[in-house]
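Participant: Fold the stuff below for me.
(2 chains)
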2 protein chains.
Amino acid sequence: MPLILDNVAQHVALSPAEQDHLLSLMEPRTLKAKTLLLQAGEVCRETYFVTSGILRSYTLDDHAVEHVLNFAAPGWWMADLYSLISGHPGNLYIYVVADAEVLVLPKHRQEEMYQAIPKMERFFRILVENALVAHQQRLMDNRSLTTEQRFEKFCKRFPDLQGVVPQKHIASYIGVTPEFFSKMKAGLLRKGIS
Amino acid sequence: MPLILDNVAQHVALSPAEQDHLLSLMEPRTLKAKTLLLQAGEVCRETYFVTSGILRSYTLDDHAVEHVLNFAAPGWWMADLYSLISGHPGNLYIYVVADAEVLVLPKHRQEEMYQAIPKMERFFRILVENALVAHQQRLMDNRSLTTEQRFEKFCKRFPDLQGVVPQKHIASYIGVTPEFFSKMKAGLLRKGIS
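Facilitator: Next comes the predicted model:
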């Protein structure tokens, strides 16, 4: 079964006809590593479902420092949700970390999808609820957990990204400097944990 | 029109019968100031819609330091979403800052609501999408904006909370110590901004 159908089946049961309809609304696209899928200042008009490869979303602050918002490995969805919803230019960059295959859901087809397959309204409600919970938790973790504890959570959330994405981007996701992150990892190595 | 119907009408159009049905699923409750509506370790089984007063959600870290996750003024929804969804004990406290009137949506009625009024699935999808966007933005703001800029955003988001909730809780929401927050505000006063 295609990964996307497995993913949707986690929350709603589609009939074979609905499955076909969903697949017909999404367009497969091959992405080359080290390219930008979306840039700050652009309007995001698509949602991506990753079937292989890795995406990373980030912002740039006034000092051109990158802040990693998220990663998307196979089975994850990604978009600049603010820009997608509002229709305004966003401030997110979406970068292709490793050669990727994605299924693209264009915005105008998303509404068509909700009309044709009302269960998808439920699916995206649950998907977004889970994402909100994860973000609230991360916001609180940044304040109350140590760097080690946050790194541990990162490894659980993205078991396949360690060693694949640059350390500095994991550091940024966790909210520490690359230098501090290196020291923390060296400490873990000494303790024989990592 | 009751505030709750106004709130729902922002995203979906309910028929008069659906409006009545929604109201029948929610139970009005009066809350006394300075009481806890939910404590860490409890399972959250209700969602609250504030019609008057103010709620605050927060976590306590290992050093018993409070970290403010959110405020809910009239027209806002609040729950420990993680606990509500998972059915596991949560780590959120919900505190009644000022005498409040809320409408309570019990979890078992939420599913009943989605079955009876499928449009509410859409409403909560959009509500949660907007909350997710706000949280992602806040996570990024904590890293890339100054305290002044974050305070400005807080004032825009909660125009009626300044002077009503303790400064230390606004400081915590913004992610700085009360001492740093006081210094920042004194600086703004000198500049004639606040």
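
Participant: Give the rounded mean pLDDT of the helix or strand containing residue A:183.
Facilitator: According to DSSP states H and E, residue A:183 maps onto helix A:178-190. Per-residue pLDDT over helix A:178-190 has a mean of 85.

Participant: which helices and strands sit right next to it?
Facilitator: Packing partners of helix A:178-190 (3 or more C-beta pairs under 8 Å, 6 or more residues apart in numbering or on different chains; DSSP states H and E): helix A:147-157, helix A:167-174. Using the backbone N, CA and C atoms, a C-beta is placed for each residue, glycine as well.

Participant: Show me the shaky parts of chain A.
Facilitator: Low-confidence segments of chain A, defined by pLDDT under 70: A:192-194.

Participant: The same query, at a cut-off of 80, please.
Facilitator: Residue ranges of chain A with pLDDT under 80: A:188-194.

Participant: got the residues of it near chain B?
Facilitator: Proximity of chain A to chain B (C-beta under 8 Å from any C-beta of the partner chain) is limited to residues A:59, A:61-62, A:65, A:67, A:69, A:81-82, A:85, A:91, A:114, A:118, A:121-122, A:124-125, A:128-133, A:135-140, A:142-144, A:175.

Participant: Return a ChimeraX selection command for the buried portion of the residues you listed.
Facilitator: Filtering the residues of chain A next to chain B down to the buried ones (16 or more other C-beta atoms under 10 Å in any protein chain shown) takes a single ChimeraX command:
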select /A:59,67,69,81,82,85,91,114,121,122,124,125,128,129,130,131,132,133,135,136,137,138,139,140,142,143,144,175
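
Participant: In strands, which of the residues of chain A next to chain B appear?
Facilitator: Judged by DSSP state E, the residues of chain A next to chain B include A:59, A:67, A:69 as members of strands.

Participant: give me the number of residues near residue A:88?
Facilitator: A count of nearby residues for residue A:88, using other C-beta atoms under 10 Å in any protein chain shown, gives 12.

Participant: in stretch A:170-178, what's buried?
Facilitator: Residues of stretch A:170-178 classed as buried by neighbour count (16+ other C-beta under 10 Å): A:170-176.

Participant: Just the closest of the residues you listed to residue A:151, please.
Facilitator: residue A:174 (5.9 Å; C-beta to C-beta).

Participant: count of neighbours near the residue lying closest to the closest one once chain neighbours are set aside?
Facilitator: Of all residues not flanking residue A:174 in the chain, residue A:150 sits nearest, at 4.6 Å (C-beta to C-beta, 6 or more residues apart in numbering or on different chains). Neighbours of residue A:150 under the rule other C-beta under 10 Å: 20.

Participant: Check the gap between residue A:150 and residue B:154 for me.
Facilitator: Distance, residue A:150 to residue B:154, using C-beta to C-beta, to the nearest Å: 24 Å.

Participant: so what's the residue nearest to residue A:174 up against?
Facilitator: Taking C-beta atoms under 8 Å, 6 or more residues apart in numbering or on different chains as the criterion, residue A:150 is in contact with A:141-142, A:174-175.

Participant: nearest to residue A:96, of those residues?
Facilitator: residue A:174 (21.8 Å).

Participant: right, and that closest one touches residue A:154 too?
Facilitator: Yes. Counting by C-beta atoms under 8 Å, residue A:154 is a contact partner of residue A:174 at 6.1 Å.

Participant: ok, of the contacts of residue A:150, which one's closest to residue A:182?
Facilitator: residue A:174 (12.3 Å).

Participant: what residues are up against that closest one?
Facilitator: A:147, A:150-151, A:154, A:181.

Participant: What distance do you get for the residue nearest the centre of chain A to residue A:31?
Facilitator: Nearest to the mean C-alpha position of chain A, by C-alpha atoms, centre = their mean, lies residue A:72 at 3.5 Å. Residue A:72 sits 11 Å away from residue A:31, going by C-beta to C-beta.

Participant: Now the common contact residues for these two.
Facilitator: With C-beta under 8 Å, 6+ apart as the test, residue A:72 and residue A:31 both reach residue A:55.

Participant: Would you tell me which helix is longest in chain A?
Facilitator: helix A:119-144 (DSSP state H).

Participant: who does that one touch, helix- and strand-wise?
Facilitator: Taking 3+ C-beta pairs under 8 Å, 6+ apart as contact, the helices and strands that helix A:119-144 lies on are helix A:107-116, helix A:147-157, strand B:66-72, helix B:81-86, helix B:119-144.

Participant: Tell me which of the ones you listed lies nearest to residue B:6.
Facilitator: Nearest to residue B:6, of all the helices and strands packed on helix A:119-144, is helix B:119-144, at 12.5 Å by C-beta to C-beta.

Participant: Between helix A:119-144 and that closest one, find me the angle.
Facilitator: Helix B:119-144 runs at 30 degrees relative to helix A:119-144, counting by axes from the mean of the first three to the mean of the last three C-alpha atoms, to 10 degrees.

Participant: and helix B:119-144, how far from the chain's centre?
Facilitator: 12 Å (C-alpha atoms, centre = their mean, to the nearest Å).

Participant: now do stretch A:100-120
Facilitator: Using C-alpha atoms, centre = their mean, the offset of stretch A:100-120 from its chain centre is 17 Å.

Participant: Start and end of that stretch, how far apart?
Facilitator: Terminal residues of stretch A:100-120 lie 25 Å apart, using C-alpha to C-alpha, to the nearest Å.

Participant: Quick check: buried residues in that stretch?
Facilitator: By neighbour count on 16+ other C-beta under 10 Å, the buried set for stretch A:100-120 is A:100, A:102-105, A:107, A:109-110, A:113-114, A:117, A:119-120.

Participant: Among the residues you listed, which one lies nearest to residue A:163?
Facilitator: The closest of the buried residues of stretch A:100-120, once distances to residue A:163 are taken by C-beta to C-beta, is residue A:100, at 17.6 Å.
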